[in-house]
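In: I'll drop the sequence and a predicted model, then ask my questions.
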Amino acid sequence: MKRIFLVSGARPNFMKIAPIIRELEKYPEKFEPIVVHTGQHYNYEMSKIFFEELNIPKPNISLGVGSGSHGEQTGKIMIEFEKVCLEKPPDLIIVVGDVNSTLAAALVAVKLHIQLAHIEAGLRSFDRRMPEEINRILADVVSDFLFTTCEDANLNLKREGIPKDKIFLVGDVMIDTLFANQEKIDSVQKYKDFGLDSKKYALLTLHRAENVATKNIMKNILEALNEIVKEIPIIFPIHPGTLKQIKKFSLSDYFCDNNNPKKIRLIEPLGYIEFQSLLKNSKLVLSDSGGLQEETNVLNIPCLTLRENTERPITLTKGSNILVGSNTKMIIDEAHKILNGKSDKKANYPTLWDGKASERIVKVLREKLFK
Ligand code: UD1
């Protein structure tokens with residue numbers, strides 16, 4: 001019997017661990033999955049709602065670290081997670097994605113000589129100013145199993161000297177969750193709550209440090225959105241960190257919390273099902289999220305990515321994603337093209353994004369952990 005810690009901490013982790021747990025649970029004689037929640041995200045709507053909706057078992061272990069600077073957050077998670085690992089060491093630690101919790105748990109694993117698997121390995125933006133890029137590179141370098149979503153991730157890892165026999169191209173676990181929940185998503189028509197019609201609104205998310213830490217950059221983006229909202233309503237489930245920044249920079253005038261058609265509509269962060277319902281019915285997405293670049297592709301929705309680069313270039317070369325950075329004119333121009341039907345971008349995604357990535361991951365673990 002192999003004891004497996006699945007570490008999650010921040011919102012984008014939860015939909016990635018859900019399908020892996022489900023798959024591990026199919027082999028109760030082989031695996032004992034244990035959910036560890038670091039507490040990086042702690043609000044109900046940033047964390048608990050995902051456990052409820054995605055049927056993730058309640059965390060067996062909660063580290064409760066909360067917010068803090070990068071060093072503080074990463075350090076606190078390491079201190080608390082090491083204690084737990086020493087108490088009753090697992091046979092394998094699984095980390096997902098690129099958040100501070102991912103890196104902290106990975107470092108603890110390698111220092112205690114516990115085997116480590118990184119899900120979503122090999123993605124690179126080649127921008128080392130991004131905390132997520134550092135988290136990805138370091139987690140990969142200390143992992144024993146590197147599970148990748150697409151071919152270019154494999155190429156990145158090979159270039160960095162990671163031995164071939166550690167790399168497994170399995171597809172995208174986030175898409176497993178998207179496919180598994182289609183029925184539930186379709187049973188909700190969240191846009192109706194805001195008096196909107198399907199395919200007649202744009203969906204916005206914005207939280208990356210590079211966009212919200214500086215007033216000028218945030219303003220460049222908001223100026224563009226202020227133009228776009230004259231043509232199509234924009235709905236914005238807001239990250240609590242971004243809300244703080246808006247207040248700090250006195251930028252509240254760009255927003256409203258009612259049906260005023262001339263302003264961006266601010267709403268609370270949503271759970272998985274309601275957010276996916278809004279996403280599926282949107283005409284256009286504007287976002288600096290990592291995962292949305294993949295989800296919009298599978299759903300064939302044009303996505304303007306408010307970043308200078310992406311660790312998911314496959315969504316640009318093959319898919320419906322366009323990089324617009326924080327350039328006001330470029331954001332407006334590209335949005336116009338889409339709204340006037342002049343964009344030639346079409347969704348096209350890897351064949352392994354088929355809802356079976358976690359099945360492939362667990363197959364590898366069944367073979368390799370029981371040699
Ligand atoms: C983290 C990830 C980012 C991911 C994002 C998704 C890192 C380096 N970044 O960024 O890759 O895209 O999560 O949300 O790990 N806050 C709350 N309540 C919460 C969580 C956060 O109020 O439940 C506020 C706190 O003020 C906190 C701020 O949001 O200081 C930022 O949270 P943090 O976890 O540090 O990073 P994110 O910006 O969420």
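Out: Structure's in. What do you need?
In: okay, CA-based contacts and neighbour counts for the rest of this
Out: Will do.
In: and the stretch 251-371 of the chain, which residues reach the ligand?
Out: Ser289 (C-alpha under 6 Å from any ligand atom).
In: give me that answer again for 8 Å
Out: 289-290 (C-alpha under 8 Å from any ligand atom).
In: Minimum distance to the ligand, which residue of the stretch 251-371 of the chain gives it?
Out: Nearest residue of the stretch 251-371 of the chain to the ligand: Ser289, at 5.9 Å (C-alpha to the nearest ligand atom).
In: And the helix or strand encompassing Ile49, what's buried?
Out: Here Ile49 sits within helix 48-53, counting by DSSP states H and E. Within helix 48-53, the residues that count as buried by 16 or more other C-alpha atoms under 10 Å are 48-51.
In: Indicate whether it makes contact with the ligand.
Out: No - using C-alpha under 8 Å from any ligand atom, helix 48-53 stays clear of the ligand, with a minimum separation of 9.4 Å.
In: any idea where the strands of the stretch 101-250 of the chain begin and end?
Out: 115-119, 145-148, 167-169, 202-205, 234-237 (DSSP state E, counting those that start in this stretch).
In: Nearest approach to Cys303 belongs to which of those?
Out: Closest approach to Cys303 among the strands of the stretch 101-250 of the chain (C-alpha to C-alpha): strand 202-205, 9.5 Å.
In: where along the stretch 51-200 of the chain do the helices fall?
Out: Using DSSP state H, counting those that start in this stretch, the helices of the stretch 51-200 of the chain run over residues 70-87, 100-111, 131-141, 151-159, 173-180, 182-186.
In: in the fourth one, what counts as buried?
Out: Residues of helix 151-159 classed as buried: 152-154, 157 (neighbour count, 16+ other C-alpha under 10 Å).
In: who's in contact with that helix?
Out: Helix 151-159 is contacted from outside by 121-124, 148, 164, 167, 169, 314, using C-alpha atoms under 8 Å, 6 or more residues apart in numbering.
In: Quick one: residues contacting the residue of the stretch 151-300 of the chain found nearest the ligand.
Out: Going by C-alpha to the nearest ligand atom, the ligand is nearest to Gly241 of the stretch 151-300 of the chain, at 3.6 Å. Listed by C-alpha under 8 Å, 6+ apart, the contact set of Gly241 reads His207.
In: is it possible to export the helices of the stretch 51-200 of the chain to JSON lines including distance to Asp354?
Out: Shown next, in JSON lines, are the helices of the stretch 51-200 of the chain (distance: least, C-alpha to C-alpha, whole Å):
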{"stretch": "helix 70-87", "distance to Asp354": "33"}
{"stretch": "helix 100-111", "distance to Asp354": "25"}
{"stretch": "helix 131-141", "distance to Asp354": "24"}
{"stretch": "helix 151-159", "distance to Asp354": "15"}
{"stretch": "helix 173-180", "distance to Asp354": "7"}
{"stretch": "helix 182-186", "distance to Asp354": "13"}
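In: Tell me which of the ones you listed is the most buried.
Out: Of all these, helix 100-111 has the most neighbours on average by mean count of other C-alpha atoms under 10 Å, namely a mean of 24.
In: I'd like the distance from the least confident helix or strand in the chain by mean pLDDT to the chain centre, please.
Out: When the helices and strands of the chain are scored by mean pLDDT, DSSP states H and E, helix 314-317 comes last with a mean of 90. Put simply, helix 314-317 sits 17 Å off its chain's centre (C-alpha atoms, centre = their mean, to the nearest Å).
In: For the very next helix or strand once past that helix, enumerate the helices and strands it packs against.
Out: Using DSSP H and E, the helix or strand that follows helix 314-317 towards the C-terminus is strand 321-323. Strand 321-323 is packed against helix 291-299, strand 303-305, helix 314-317, with contacts defined by 3 or more C-alpha pairs under 8 Å, 6 or more residues apart in numbering; DSSP states H and E.
In: Tell me where the model's unsure across the stretch 251-371 of the chain.
Out: Applying pLDDT under 70 to the stretch 251-371 of the chain picks out no residues at all.
In: ditto for the stretch 101-250 of the chain
Out: Applying pLDDT under 70 to the stretch 101-250 of the chain picks out no residues at all.
In: Which residues of it lie near the ligand?
Out: So the stretch 101-250 of the chain meets the ligand at 101-102, 131-132, 135, 207-209, 239-242, 244 (C-alpha under 8 Å from any ligand atom).
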